[in-house]
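Colleague: Got a sequence here, can you model it:
(2 chains)
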Amino acid sequence: DTAVSQTPKYLVTQMGNDKSIKCEQNLGHDTMYWYKQDSKKFLKIMFSYNNKELIINETVPNRFSPKSPDKAHLNLHINSLELGDSAVYFCASSQAGTDYEQYFGPGTRLTVT
Amino acid sequence: GDSVTQMEGPVTLSEEAFLTINCTYTATGYPSLFWYVQYPGEGLQLLLKATKADDKGSNKGFEATYRKETTSFHLEKGSVQVSDSAVYFCALSDRGYQKVTFGTGTKLQVIP
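Modeller: Predicted coordinates:
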């Protein structure tokens, strides 16, 4: 059973388009995250939700909008895609009140042309 | 704020060599410390962790000891294999901030 899954695995699109990435976890965790990893492997946190409530919102353009319909799902919608948005996006989950050990999904490689 | 500093890579070693990847941290509270590994084309996965001073985390032959006095959590392995080639991330979590802070990652390449 996959613990944290993301769809799609690859996403190729043109500048100006709108796209979404979906994430689901079956670990029973109450906290989920979105990270962006650039070509140099640098990992940057974007958002975090705890029980559907936004708790971390780092400096991210307003074109990025997360949505959490329930605590097992966290989706990322990106409007007006730009070349600089090309990266690998990782979803992760953890349990609040613990040491926040992160469980990562396999990643979505977004390429904007 | 919290931060993690780890040695820059890439690190290239011959098979069976000794590995050390340095990691130091700054934190306002009493953090838990982690090493994550990312194999090519995959997501990060936990390699080992330590939650209090002098704890040693270990897994798959890798070890790291939580040193509060030097604010360090260096990763070591006595004999690396080609299959250990990956990117290694040092990280800390601070319950007050409800998030994990990652280092910049160190790429390890092991050659036969």
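Colleague: contacts, neighbours, all on C-alpha from now
Modeller: Noted.
Colleague: Please list all residues in contact with the closest residue to chain A within chain B.
Modeller: Residue nearest to chain A within chain B: B:Gly43 (4.5 Å; CA to the nearest CA). B:Gly43 is in contact with A:Phe90, A:Phe104, A:Gly105, A:Pro106, A:Gly107, counting by CA atoms under 8 Å, 6 or more residues apart in numbering or on different chains.
Colleague: lowest-pLDDT helix or strand in the chain?
Modeller: Assuming you mean chain A. strand A:53-57 (a mean of 85; mean pLDDT, DSSP states H and E).
Colleague: Not quite, go with chain B.
Modeller: For chain B, judged by mean pLDDT, DSSP H and E, that is strand B:99-102, with a mean of 89.
Colleague: Extract the CA atoms of that one and return them as PDB.
Modeller: This file holds the C-alpha atoms of strand B:99-102, laid out as PDB (Å, rounded to 0.1, in the frame of the first residue of the first chain):
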ATOM      1  CA  LYS B  99       7.600  22.100  10.600                       C
ATOM      2  CA  VAL B 100      10.900  20.600   9.500                       C
ATOM      3  CA  THR B 101      13.900  22.600   8.400                       C
ATOM      4  CA  PHE B 102      16.100  20.900   5.800                       C
END
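Colleague: how about the strands of chain A, start to end?
Modeller: A:4-7, A:10-13, A:19-25, A:31-37, A:43-50, A:53-57, A:64-70, A:73-78, A:87-94, A:103-104, A:108-112 (DSSP state E).
Colleague: Any idea how many residues pack against the closest residue to chain B within chain A?
Modeller: Proximity of chain A to chain B (CA to the nearest CA) peaks at A:Pro106, 4.5 Å away. Using other CA atoms under 10 Å in any protein chain shown, A:Pro106 has 21 other residues around it.
Colleague: B:Ala86 too?
Modeller: Neighbour tally, B:Ala86, other CA under 10 Å: 18.
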